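J.: Structure, please.
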Amino acid sequence: MALTKQVEPKSEEDDKILEIHFNDIIAFLKRSRRSILIGALIGGILGAIYAFSKPNEYTSQVTLLPEIQAKTGSNMGGLSSLAGLAGIDVSSLAGGNDAVRPELYPTVLQSVPFALAIAKQPVFSKEYRRTESLDTYLKKKNQPSFLARFLSLFAGKPDSTTVYPRGPSTGALELTKQQEEIALYISSRVIGAFDKKSSVLTISSTMPDPIVAASTTQQALKYLTDYITSYRTEKARLEVDFLNKQVAAAKQRYQAAEVELSSYRDRNR
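T.: Numbering: from 1, shown residues only. Predicted coordinates:
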């Protein structure tokens, strides 16, 4: 039995397929080697200029284990029952957990008040050999380089911005354009991360100067410590005020009950 092979007719799409041989590629490279070398040389020069114009980056990092408060209900022991006899409800005080938990510490370090506070802290730069505020140092370092100024000549003009008159103060946090830029820059450079598995908090700061990076990390840790301490102190003060009010109210009820008891005994002698 003879086997027959059916040959499919070529379509128009098959005719349009471009065949490129390896020899054609080699011939093209030989013809264009001068243009390729010139392009590679120009690209290498521009890459070197860009690399040298980029400042060095230094990262400072601190790792710590935050203190997690235990539940207050287990520490109060029999105090809750005694307080109940006095008419004081301490169940609301035995909730245990802080509202500012360690998981929220990185969010505190990304807030605008933190960035504005850090921007005003003094830092010593190894490059300038002087102590100045962080925002002043960043203004000097963020000045456009020669390459950026050269490329800006070929860029379009920036859009004109409309300046609106400042209205009456509303109590909200109002930022200028410069403050907003500084806050965004610091938020991108100072980062906090909390590992839920190990309960370890890591604070890192990346700056063009190693001493500035270390100082910024230290200031961030101090700000976070003061923030948590202030929160817990205020919380404890409110709890003490609440307990004092409850004790005063219970004392008044006790004194009123004593007066009623004395009156009852006098009437029934």
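J.: ok, so what distance separates the closest residue to residue 190 other than its chain neighbours from residue 175?
T.: Spatial nearest neighbour of residue 190, excluding adjacent residues (Cβ to Cβ, 6 or more residues apart in numbering): residue 205 at 4.9 Å. Yep, even glycine has a C-beta here, placed from its N, CA and C like the rest. To residue 175, residue 205 is 22 Å away according to Cβ to Cβ, to the nearest Å.
J.: Settle it for me: which of those two has more neighbours?
T.: Between residue 205 and residue 175, counted using other Cβ atoms under 10 Å, the more crowded position is residue 205 (26 against 14).
J.: Show me what the helix or strand hosting that one is packed against.
T.: Assessed by DSSP states H and E, residue 205 sits inside strand 200-207. Counting contacts by 3 or more Cβ pairs under 8 Å, 6 or more residues apart in numbering; DSSP states H and E, strand 200-207 packs against strand 58-64, helix 105-109, helix 177-189, strand 190-195, helix 210-267.
J.: could you redo the ones you listed as a markdown table and give each row distance to residue 129, mean neighbour count and mean pLDDT?
T.: Formatted as a markdown table, the helices and strands packed on strand 200-207 follow (distance: least, Cβ to Cβ, whole Å; neighbours: other Cβ atoms under 10 Å; pLDDT from 0 to 100):
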| stretch | distance to residue 129 | mean neighbour count | mean pLDDT |
| --- | --- | --- | --- |
| strand 58-64 | 17 | 15 | 91 |
| helix 105-109 | 29 | 18 | 91 |
| helix 177-189 | 22 | 16 | 88 |
| strand 190-195 | 24 | 18 | 91 |
| helix 210-267 | 10 | 13 | 89 |
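J.: Out of these, which is closest to residue 141?
T.: Nearest of the helices and strands packed on strand 200-207 to residue 141, taken as Cβ to Cβ: helix 210-267 at 9.0 Å.
J.: How is residue 56 assigned, secondary-structure-wise?
T.: Using DSSP: H, G, I helix; E, B strand; the rest coil as the criterion, the local structure at residue 56 reads coil.
J.: before we move on, what about the one 10 residues further on?
T.: Assigned with three-state DSSP, residue 66 falls in the coil class.
J.: Quick check: closest non-adjacent residue to it.
T.: According to Cβ to Cβ, 6+ apart, the nearest residue to residue 66 is residue 102 (4.3 Å).
J.: Neighbours of the residue nearest to residue 228 when sequence neighbours are not counted, how many?
T.: Nearest residue to residue 228 in three dimensions, chain neighbours excluded: residue 100, at 6.3 Å (Cβ to Cβ, 6+ apart). By the criterion of other Cβ under 10 Å, residue 100 has 16 neighbours.
J.: so what's residue 100 up against?
T.: 108, 227, 228, 231 (Cβ atoms under 8 Å, 6 or more residues apart in numbering).
J.: Spatially nearest residue to the second one (excluding sequence neighbours)?
T.: Take residue 227 and drop its neighbours on the chain: the residue closest to it by Cβ to Cβ, 6+ apart is residue 108, 6.0 Å away.
J.: Any figure for the gap between that neighbour and residue 123?
T.: Distance from residue 108 to residue 123, by Cβ to Cβ: 21 Å.
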